[in-house]
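> I would like to see how this sequence folds:
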Amino acid sequence: MTDIPKQRILSLDTLRGFDMFWIIGGDIFFKTLGKQTSWSWVDSIAKQMDHAAWEGFYAYDLIFPLFMFISGIAIPFAMFGKIEKGGAKKEIYYKIIKRASILILLGLIYNGLLTFQFNTLRAASVLGQVGLAYLIASIIAINFRSFKSIFIWVIGILVFYSILQLAIPIPNYPAGTLTPEGAINGYIDRIFLPGKLYGKVFDPEGLLCIFSASAITLMGTLAGLILRSNSLSPYKKVILYTIIGFSLIVIALLLSSWYPIIKSIWTSTFNLLTGGISFILFALFYLIIDVWKFQKWTFLFRVIGLNSITIYMATCMIDFKATATFVFGGFSTFFGNLQPAILILCMIIVEWVFLYFLYKKNIFIKV
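Numbering: from 1, shown residues only. As a prediction, this is how the structure comes out:
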């Protein structure tokens, strides 16, 4: 494939911002609104704003893997051009390792590192998984830059991971036991992860989950390779994304009867399903924003997407809800029973204004 020059992909920033919107309060807003109203459409959305207890899938289960898919799309744009211009891989490796290290540190801070309660500190984290999965995917992508090679790696990771989960027994449990206690994920986490585990006997961001998540990051890299190519027209790219997306979804659903879709241990079927949905979502955003050029509405989400790590960390460091209550508490009383939902909406507005201030000052904190 020949490649187009590196450029800002508005659909990518918008989709990242759309994804983060649900993390910074969109989920709570709809759950709160669902409790306060009898609106069926709101209740339908609200029911999707939780993670599946174990097996199964809700829309909210897509948030994390979609973010990792998006980070994978950026890999060809961020790295391949430098290599093709003769840049030293050593420098790129340094940047990748630095990024992963910073994300691990930020994840520990998010989990309470600064309290210095090391015995009960959770070592695994969302940002740590993002950083390490990105590290694995980037190293693979740098050394195997063709679509075919990376595609083989994706298949290899998914197959190898399924073998680990389905064919390797652990003490007191036969092979293929996919329960919190019996899955190999929890067994590895209990041995090697210090501090507390999120699920007590396992961690959804544990060591094997990180390895599994590198597959969906590489799926994003495949999407990035398609996007970067100028041998395909924009409409052909959309069609290809859609075909790949639906194919992955169908495969995941067909396999799920004997290999369940479980986010908490990132089964390969979970990767296939969320990867398929991510391909389709990106196809939709790319078509509307970058092909059809309907772009004015994207600003709302792009402001969030351009400082995604910043707002993620800020939500654990700044009490946006208290600010919203202080400023809009009186205003919210005019809405009667809807007051709790209105206050959540105002909190999101305060968060957005904070990000808009950074945007206007041209402050983009990236890792």
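
> can you give me the helices in the stretch 151-300 of the chain?
Ranges of helices in the stretch 151-300 of the chain, per DSSP state H, counting those that start in this stretch, are 184-192, 207-228, 234-255, 268-286, 299-305.

> so which elements touch the last one?
In terms of contacts (3 or more CB pairs under 8 Å, 6 or more residues apart in numbering; DSSP states H and E), helix 299-305 is packed against helix 10-21, helix 339-360. Placement of C-beta: from N, CA and C, glycine included.

> got the contact list for the longest one?
For helix 339-360, the surrounding residues in contact (CB atoms under 8 Å, 6 or more residues apart in numbering) are 21, 24-26, 28-29, 32-33, 35-36, 300, 303-304, 306-307, 310-311, 314-315, 318, 320-321, 323-325, 327-329, 331-333, 335, 364-365.

> are any of those residues buried, and which?
21, 24-26, 28-29, 32-33, 36, 303-304, 306-307, 310-311, 314-315, 320-321, 323-325, 328, 332 (16 or more other CB atoms under 10 Å).

> of all the helices and strands packed on helix 299-305, which one is nearest residue 66?
Residue 66 sits nearest to helix 10-21 of all the helices and strands packed on helix 299-305, at 5.1 Å, using CB to CB.

> moving C-terminal from that closest one, which element do we reach first?
Going down the chain from helix 10-21, the next helix or strand is helix 27-36, by DSSP states H and E.

> point me to the helix or strand that includes the spatially most central residue of the chain.
By CA atoms, centre = their mean, the chain has its centre lying nearest to residue 67, at 2.4 Å. Assigned by DSSP H and E, residue 67 belongs to helix 63-75.

> which neighbouring elements make contact with that helix?
With contacts taken as 3+ CB pairs under 8 Å, 6+ apart, helix 63-75 sits against helix 10-21, helix 126-143, helix 207-228, helix 268-286.

> got the angle between that helix and helix 207-228?
Using axes from the mean of the first three to the mean of the last three CA atoms, to 10 degrees, the inter-axis angle of helix 63-75 relative to helix 207-228 is 50 degrees.

> going by neighbour count, list what's buried in helix 63-75.
Neighbour-count burial for helix 63-75 flags 63-75 (criterion: 16+ other CB under 10 Å).

> check stretch 294-304 too.
For stretch 294-304, burial by neighbour count (16+ other CB under 10 Å) applies to 298, 301, 302, 303, 304.

> coming back round to it: need the buried residues of helix 63-75 in CSV with distance to residue 16 and pLDDT, can you?
Listed next are those as CSV, based on distance: CB to CB, whole Å; pLDDT from 0 to 100:
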residue, distance to residue 16, pLDDT
63, 11, 97
64, 13, 97
65, 13, 98
66, 9, 98
67, 7, 97
68, 11, 97
69, 10, 98
70, 5, 97
71, 9, 96
72, 12, 97
73, 9, 97
74, 9, 93
75, 14, 94
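
> sorry, back to before: model confidence over the next helix or strand after the helix holding residue 67, on average?
Per DSSP H and E, the first helix or strand lying C-terminal to helix 63-75 is helix 81-84. Average pLDDT, helix 81-84: 80.

> pull the distance from helix 81-84 to the chain's centre.
Centre-to-centre, helix 81-84 and its host chain are 26 Å apart (CA atoms, centre = their mean, to the nearest Å).

> who touches whichever helix or strand comes after that helix?
Sequence order places helix 89-110 as the next helix or strand after helix 81-84, per DSSP H and E. Taking contacts as CB under 8 Å, 6+ apart, the residues outside helix 89-110 that touch it are 79, 82-83, 113, 121, 123-132, 134-135, 138-139, 142, 309, 312-313, 316, 367.

> lowest-pLDDT helix or strand in this structure?
Lowest on mean pLDDT, DSSP states H and E among the helices and strands of the chain sits helix 81-84, with a mean of 80.

> ok so, going back, in PyMOL, how would I select just the buried ones from the contacts of helix 89-110?
A single PyMOL command selects the buried members of the contacts of helix 89-110 (16+ other CB under 10 Å):
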select buried, resi 79+82+113+123+124+125+126+127+128+129+130+131+132+134+135+138+139+142+309+312+313+367
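
> contacting residues for residue 179?
54, 173.

> gap between it and residue 271?
Counting by CB to CB, to the nearest Å, the gap from residue 179 to residue 271 is 19 Å.

> same question for residue 188.
In this view, residue 188 and residue 271 are 18 Å apart by CB to CB.

> and these two? Which one has more around it.
residue 271 (29 against 19; other CB atoms under 10 Å).

> my guess is that one contacts residue 212. True?
Yes: counting by CB atoms under 8 Å, residue 212 is a contact partner of residue 271 at 6.2 Å.

> anything in contact with each of the two?
residue 158.

> not counting stretch 130-149 itself, show me its contacts.
For stretch 130-149, the external contacting residues (CB under 8 Å, 6+ apart) are 1, 67-68, 71-72, 75-76, 79-80, 83, 89, 92-93, 96-97, 99-104, 107, 150, 153, 210-211, 213-214, 216-218, 220-222, 225-226, 367.

> put the alpha carbons of that stretch into CSV.
C-alpha atoms of stretch 130-149 as CSV (Å, rounded to 0.1, in the frame of the first residue of the first chain):
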residue,chain,number,x,y,z
VAL,A,130,-3.8,0.9,28.0
GLY,A,131,0.0,1.5,28.3
LEU,A,132,1.2,-2.0,28.4
ALA,A,133,-1.2,-3.3,25.6
TYR,A,134,-0.1,-0.3,23.5
LEU,A,135,3.5,-1.2,24.2
ILE,A,136,3.0,-4.8,23.0
ALA,A,137,1.0,-3.7,20.0
SER,A,138,3.4,-1.0,19.0
ILE,A,139,6.5,-3.3,19.1
ILE,A,140,4.7,-5.8,17.0
ALA,A,141,3.5,-3.2,14.6
ILE,A,142,6.9,-1.6,14.2
ASN,A,143,8.5,-4.8,13.3
PHE,A,144,5.7,-6.3,11.2
ARG,A,145,4.3,-3.3,9.4
SER,A,146,2.2,-5.0,6.7
PHE,A,147,-1.5,-5.6,7.0
LYS,A,148,-1.1,-9.3,6.5
SER,A,149,1.6,-9.7,9.1
